[in-house]
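S.K.: predicted model follows, preceded by the sequence.
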Amino acid sequence: MPERAPERAPDRVSLEVERAALAAELNHWRRAARSLGDLELVAAPAAWAALESYLGLGLRTALHASAARVVAQVAAVSSALAAAGGPDGLARVRQGLLTVRRRYVQAETVVDFYGDAVNTRTNPRLGAVLRGLDALAVDSMERVLRPLSLDVPPVLTYLDKGLGASILKSGVRLWDSSLSPAAAIKITRHNLWQPTSLLHEVGHQVSHLTGWSAELGAALHAVLAPVSAFAADLWRGWASELAADVYAFALLGYAPVTALATVVDGPTRAVFRMPFGDPHPFGWLRVQFNAALCRSWYGPGPWDGLAAGWAARHRLRDAPPEAAEAARLSLPVLPALADVCTRAPMRAFGGVPLSALADPRRVAPAELERLAHRAGDSLYTSSYLQRLEPLRILAWTVLRGTAAGGTGGRDTAGTEIETWLGRLGGAHATAV
């Protein structure tokens, strides 16, 4: 068998060709990274101007830093290229170049995510509404986090398609390993005029800052463990989403429940679906739990009709065996679970229950009606009420809009809430 000829070492010409190719690619990524830091190309100047100054400054600083880190890495690899004297050195430069490419894509993902979110404010009318939603989110966190001596992060709401809202929490690691500079909360178009899901997403941020979810999961497990290990494990796994639902309930009462029921509705097979590892309770049981929260604090009410309607529309006998068993085990314990979520002292809240920081009784339907009656025509125009009661005004407006739609009455909630949110956002920006 003939011997293989030994591979020839790269000659001087081929090394110089490789060096030139690496230099050209590095130059490309240097230009790309510098362009990434030109934020006027990422989002329209009008959209940046529509942000409150502290939020815009923080975002721009963070995004500039993401781009600058890539530029610095390109500079480091370029220096290595200048010092590389042979094939091994060029091979190491090649690996550095591949790292630059990967870091650029990660940084671009961060910049584009926030740029797209900011760009939804290009329309002045929508920008005013989103500023108002920013203010509501911050107001809700101040009520819970300030007494715990925790800083309230900035919030960037943005509009997008789909059925469900979502959040990229402030302080979490992003695609390029930097920390998120703000809580970015997606508001869905169909729920823009009943934006109670905003408070659900803020609940995720509060849980992240306080460590509530893990503690709540343990408490839920303790309630259900004597009943069923299967059910106890399920409810512990759902703790993060239940915490967000409970937070929204504590600050808005019944208002988020009707919106939630609309979002999680669907074919019967869908409302009983239990994907493995899904942190959301399946839709049927989630609606029953939220109705139980209302019943626990307000007694009988329209939530009972909602729960009964769901039970009739989506019959438990049509559920898959696993979901039917989870429902059968959970339904009798819902009052105890509601108590644990709202009345049990939690270390996350300084040893007091959530209801000590956000009392659900303040947003009972009768209390909201009393607020609206006392305020009269000034409900949406009073700067005093706007400053002290924005969450209760939101809850009342959503409830009234739901009632008007259900009775065929004239629904003016969309117009009223748009005007009010624009005024709220403007006043918050001025105060900041």
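M.R.: Sure thing, it's come through. Numbering: from 1, shown residues only.
S.K.: where in the stretch 1-150 of the chain is pLDDT low?
M.R.: For the stretch 1-150 of the chain, applying pLDDT under 70 flags the ranges 1-10.
S.K.: same thing but 80
M.R.: The stretch 1-150 of the chain contains residues with pLDDT under 80 at 1-13.
S.K.: mind listing the helices for it?
M.R.: Using DSSP state H, counting those that start in this stretch, the helices assigned to the stretch 1-150 of the chain run over residues 12-36, 45-49, 53-83, 87-119, 124-145.
S.K.: quick one: the longest one to helix 124-145, angle?
M.R.: Regarding helix 87-119 and helix 124-145, their directions subtend 100 degrees when assessed with axes from the mean of the first three to the mean of the last three C-alpha atoms, to 10 degrees.
S.K.: residues of helix 87-119 that come out buried?
M.R.: Within helix 87-119, the residues scored as buried using 16 or more other C-beta atoms under 10 Å are 90, 93-94, 96-97, 100, 103-104, 106-108, 110-115, 117-119. For every residue, glycine as well, the C-beta is placed using N, CA and C.
S.K.: could I get the helices of the stretch 1-150 of the chain as a markdown table with distance to Ala218?
M.R.: Converted to a markdown table, those look like this (distance: least, C-beta to C-beta, whole Å):
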| stretch | distance to Ala218 |
| --- | --- |
| helix 12-36 | 43 |
| helix 45-49 | 43 |
| helix 53-83 | 34 |
| helix 87-119 | 33 |
| helix 124-145 | 20 |
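S.K.: so which of these is the most surrounded?
M.R.: helix 124-145 (a mean of 21; mean count of other C-beta atoms under 10 Å).
S.K.: from the contact counts, what lies against that helix?
M.R.: strand 155-160, strand 183-188, helix 197-210, helix 239-252, helix 354-357, helix 390-407, helix 413-431 (3 or more C-beta pairs under 8 Å, 6 or more residues apart in numbering; DSSP states H and E).
S.K.: quick one: mean pLDDT for the strand or helix carrying Ala259?
M.R.: When elements are assigned from DSSP states H and E, Ala259 belongs to helix 255-264. In this model, helix 255-264 has an average pLDDT of 95.
S.K.: does anything pack onto it? Which helices or strands?
M.R.: Using 3+ C-beta pairs under 8 Å, 6+ apart, helix 255-264 sits against helix 197-210, helix 239-252, helix 283-298, helix 302-313, helix 390-407.
S.K.: that helix: what's the following helix or strand?
M.R.: Once the chain leaves helix 255-264, the next helix or strand it forms, by DSSP H and E, is helix 268-271.
S.K.: so which elements touch that next one?
M.R.: helix 283-298.
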